[in-house]
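**Student:** Here is my input; please provide its structure:
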Amino acid sequence: MRCQLLWIQKVYNFLLQPDHCLLCLGRPDNQPLPICSGCQQDLPWLLHGCRHCALPIAAGDDECAACQQQRQPFHKAYCAWRYDFPVNMLVGNFKYARDWPAGRLLSELLIAHLSYLQQEEGLELAEALIPVPLASQRLRQRGYNQALMIAQWLGQPLQRPVLHNAVRRVRYTRTQQGLDARQRQANMLNAFQVMQPQQVAGRHLALVDDVLTTGATCAALARTLLAAGARRVDVYCLARTGRQELMQP
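**Tutor:** Sure, this is the predicted structure:
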C-alpha cells in the first residue's frame with residue numbers, strides 16, 4: 001500500500017508541476033499537462049473511424065466492412081487515437097511497466113476529447129463508467145487494473161460514477177494477444193457476470209479500457225450488461241487498432 005501511495009503522489013506531482021514533455025523532454029510550453037503543443041498535435045489522432053466500432057477507415061466511408069455485416073452489441077465506441085507510435089509506446093509503458101504518469105496523461109487528453117465531442121457534436125455521455133475487469137489471477141500478477149485507473153481518472157472530471165464492482169470476470173481467459181477475431185470471441189465466452197444488477201438496469205453505461213482491438217472483450221461484456229437490463233452500452237478507449245494490427249499474429 002505504501003508503494004502504491006508513493007506512485008500516486010508521483011503521478012499527481014508530475015502532472016501538477018510538469019517540468020518537461022513526456023515525449024520530447026522539451027519544455028511543455030506552459031501547458032497544464034506534461035506534453036508540449038507540438039507533440040500533442042503530432043499524436044496519431046483518430047480522425048476518421050467507423051461510426052460504430054471506431055475502426056480507422058477511409059475518409060468518406062461511414063462503416064467498416066465488419067459492422068456492415070454484423071454490428072457489435074455495444075452501441076458506439078469512442079477512441080482518441082490510432083494505436084500507433086507514440087501512443088502505443090505510452091500505453092505499453094503504462095500497462096506493463098507501471099508508467100502511471102503516461103496513463104494519466106492519455107486519460108486527461110481523452111477527457112478533453114470526449115468533452116469536445118459532447119460540446120461540438122452532441123455526444124451523449126454515459127450515465128456511469130464500468131472498467132473492463134481483470135481476472136483475479138492476472139490482477140495479482142500485474143498488481144493493478146489499468147482500465148480501472150483510466151475510469152477513475154475519467155469519472156471525476158466527467159462527473160460520472162465508476163461502477164467498479166458491478167461486473168466481475170468469472171472465468172480466467174488466456175491472453176488475447178496473438179489470437180484472431182474468432183479466437184478472441186470464443187475466448188471471452190461466458191467470461192463476465194453482473195454482480196449488482198440494480199446498478200446497471202435501465203442505465204446508459206460506458207465500458208472503459210486502454211485499447212480496442214477486435215472488440216471481443218467489450219462485446220462479451222456489453223452482451224452481459226444488456227442481458228442484465230442495461231439500456232445502452234458504449235465504449236471509451238484510449239486507442240483503436242487498425243486493420244494492419246488486426247492481421248498480425
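**Student:** For residue 205, list each beta-bridge partner.
**Tutor:** Note on residue 205: beta-bridge partners residue 128, residue 233, judged by DSSP bridges.
**Student:** domain parsing for this protein?
**Tutor:** Under the assignment automatic domain parsing, the domains of the chain span 1-42, 44-247.
**Student:** Where among these is average confidence lowest?
**Tutor:** If you rank the domains of the chain by mean pLDDT, domain 1-42 sits at the bottom with a mean of 71.
**Student:** ranges for the helices of this structure?
**Tutor:** Using DSSP state H, the helices found in the chain span residues 2-16, 37-42, 65-69, 87-96, 100-121, 136-142, 146-158, 181-187, 197-200, 216-227, 243-247.
**Student:** packing partners for the fourth one?
**Tutor:** In other words, helix 87-96. helix 100-121, strand 204-212, strand 232-240 (3 or more Cβ pairs under 8 Å, 6 or more residues apart in numbering; DSSP states H and E). Bear in mind the C-beta positions are built from the backbone N, C-alpha and C, glycine included.
**Student:** Quick one, which of the ones you listed gets closest to residue 46.
**Tutor:** strand 232-240 (5.9 Å; Cβ to Cβ).
**Student:** How much space separates the residue lying closest to residue 52 once chain neighbours are set aside from residue 219?
**Tutor:** In this structure, residue 52 finds its nearest non-sequential neighbour in residue 67, 4.5 Å apart by Cβ to Cβ, 6 or more residues apart in numbering. Taking Cβ to Cβ, to the nearest Å as the measure, residue 67 falls 12 Å from residue 219.
**Student:** So the two - more neighbours on which side?
**Tutor:** Between residue 67 and residue 219, counting by other Cβ atoms under 10 Å, residue 219 is the more crowded of the two (21 against 17).
**Student:** The more buried one touches residue 74, doesn't it?
**Tutor:** Yes - applying Cβ atoms under 8 Å as the test, residue 219 and residue 74 come out as touching, 6.6 Å apart.
**Student:** pretty sure the residue nearest to residue 52 is touching residue 49, no?
**Tutor:** No - contact criterion Cβ under 8 Å: residue 67 and residue 49 do not qualify, at 10.6 Å.
**Student:** Mutual contacts of these two, please.
**Tutor:** residue 55 (Cβ atoms under 8 Å, 6 or more residues apart in numbering).
**Student:** Determine which stretch of the helices of the chain is the most buried.
**Tutor:** Among those, helix 216-227 has the highest mean neighbour count (mean count of other Cβ atoms under 10 Å), at a mean of 22.
**Student:** So what angle separates the directions of that one and helix 146-158?
**Tutor:** 60 degrees (axes from the mean of the first three to the mean of the last three Cα atoms, to 10 degrees).
**Student:** Quick check: which helices or strands does helix 216-227 pack against?
**Tutor:** Using 3+ Cβ pairs under 8 Å, 6+ apart as the test, helix 216-227 ends up in contact with strand 167-169, helix 181-187, strand 192-194, strand 204-212, strand 232-240.
**Student:** Any chance of a markdown table for those, columns distance to residue 124?
**Tutor:** As requested, the helices and strands packed on helix 216-227 are exported to a markdown table (distance: least, Cβ to Cβ, whole Å):
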| stretch | distance to residue 124 |
| --- | --- |
| strand 167-169 | 22 |
| helix 181-187 | 28 |
| strand 192-194 | 23 |
| strand 204-212 | 7 |
| strand 232-240 | 9 |
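**Student:** Thanks a lot, see you next time.
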